[in-house]
Every structure is written in structure tokens, then in C-alpha cells.
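Undergrad: can't give you the sequence, but here's the structure:
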């Protein structure tokens, strides 16, 4: 099994170092420094990560993330590159399952926000297939709050219905 998440982690860190801490991202309100702090928090602060999904804990999570963002840029990116040995999110198959989409999406968040960006990256077929499996298998969770139905459509025509439309809500969308 290829370690796509590990490869993408390294590429993301290279990009972060190249663009700098104040580079824009596609994450609303976040610069590169904020995105890196989010990744460090996610992997090294299990006590704070629940605030990313539980509104009651969001304030604490935001404070800890801001504190992490105050680290020197090189140190912060180094912590993204080398998560703590004890975190399951850095262990082989668990890292692959938990981070393949996370690292790819956040790398794209940085790349596509840069001035002059025009061309998507070419992704090797095996990596594309691994991303498809990750997104289509976790789609129900990823799109659980969507007000409309969501169907994912692969370039080869495969589909994955990840959110069925509600009877009282209008419509559905297809994402390809």
C-alpha cells in the first residue's frame, strides 16, 4: 500500500514553507498559519479537537489553535510534518484512513488560493482512486448537514449517493 497521506503531508509542508505563514487559503478567515495550527491541533491535542465539531467546545479549541499559531513558522510546519509518535493519526493504515483526504484538501486550499493559480495538479491514478474511496466512503459524514441530496460522480462514471434528498427540502446536487 502506498502511503499517500504521508506523501501528501510532505508536499503540503513544502508548500506551506514556500508560501509563508501569511499566505491566503480557501478556508474562510484562515491564513496558512491558521491552517497549519489546525492540523497540529487535530493530531497533537486530542483534548481540544472535539471543539472542531461540537459548538459548546469551539471557544476552547479556537484559543488552543490560536496559541499553536503563535509558534515560529518553521516550528509550526515542523509539527505538521512530524506529528507526535503517540498519535494514532500518524500510524500507517490509520494515518492513511484519517489523513489522505484531509491533507489533500488542505494542500489544495493553500495552492488554489495563491495569486496566479490556474491549473489543478495532476494526480496519479492510484492516488486518485484512493481519494475516491476515502471521500465516497465517508461522504455521509462529510455531507451530513447538507440541505440537499448529494451524489458524487467520478470521471469514469461511477457514482456514490452520500446524502439522499429530504422530502421537504428541494433537490439534489451532483459533484464531479
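TA: Received it, and whenever you're ready, just let me know what you need. Remember, it's a predicted structure, so these values are computed and weren't measured experimentally.
Undergrad: domain assignment for the chain?
TA: 4-111, 139-175 (automatic domain parsing).
Undergrad: now for this structure, which residue lies nearest the mean position of the chain?
TA: residue 102 (2.6 Å; C-alpha atoms, centre = their mean).
Undergrad: contacting residues around that one?
TA: By C-beta atoms under 8 Å, 6 or more residues apart in numbering, the contact set of residue 102 is 5, 39, 42. To be clear about C-beta, it is placed using only N, CA and C from the backbone, and glycine gets the same treatment.
Undergrad: quick revisit: for the domains of the chain, which one ends up most surrounded?
TA: domain 4-111 (a mean of 17; mean count of other C-beta atoms under 10 Å).
Undergrad: end to end, how far does it reach?
TA: 18 Å (C-alpha to C-alpha, to the nearest Å).
Undergrad: averaged over its residues, what pLDDT does it have?
TA: For domain 4-111, the mean pLDDT works out to 95.
Undergrad: Now do it: distance to the chain's middle.
TA: 8 Å (C-alpha atoms, centre = their mean, to the nearest Å).
Undergrad: returning to what we had before: include distance to residue 129 when you put the domains of the chain into a markdown table, please.
TA: Conversion of the domains of the chain to a markdown table gives the following (distance: least, C-beta to C-beta, whole Å):
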| stretch | distance to residue 129 |
| --- | --- |
| domain 4-111 | 10 |
| domain 139-175 | 9 |
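Undergrad: who wins for proximity to residue 126 among the ones you listed?
TA: Of all the domains of the chain, it is domain 4-111 that lies closest to residue 126, at 7.9 Å by C-beta to C-beta.
Undergrad: just the helices in the chain please.
TA: Using DSSP state H, the helices of the chain run over residues 4-19, 32-44, 58-69, 73-81, 92-111, 125-142.
Undergrad: what's residue 106 in contact with, if anything?
TA: Here residue 106 is in contact with 12, 25, 27, 35, 38-39 (C-beta under 8 Å, 6+ apart).
Undergrad: now, the most widely separated pair of these?
TA: 12 and 27, at 13.2 Å, using C-beta to C-beta across the contacts of residue 106.
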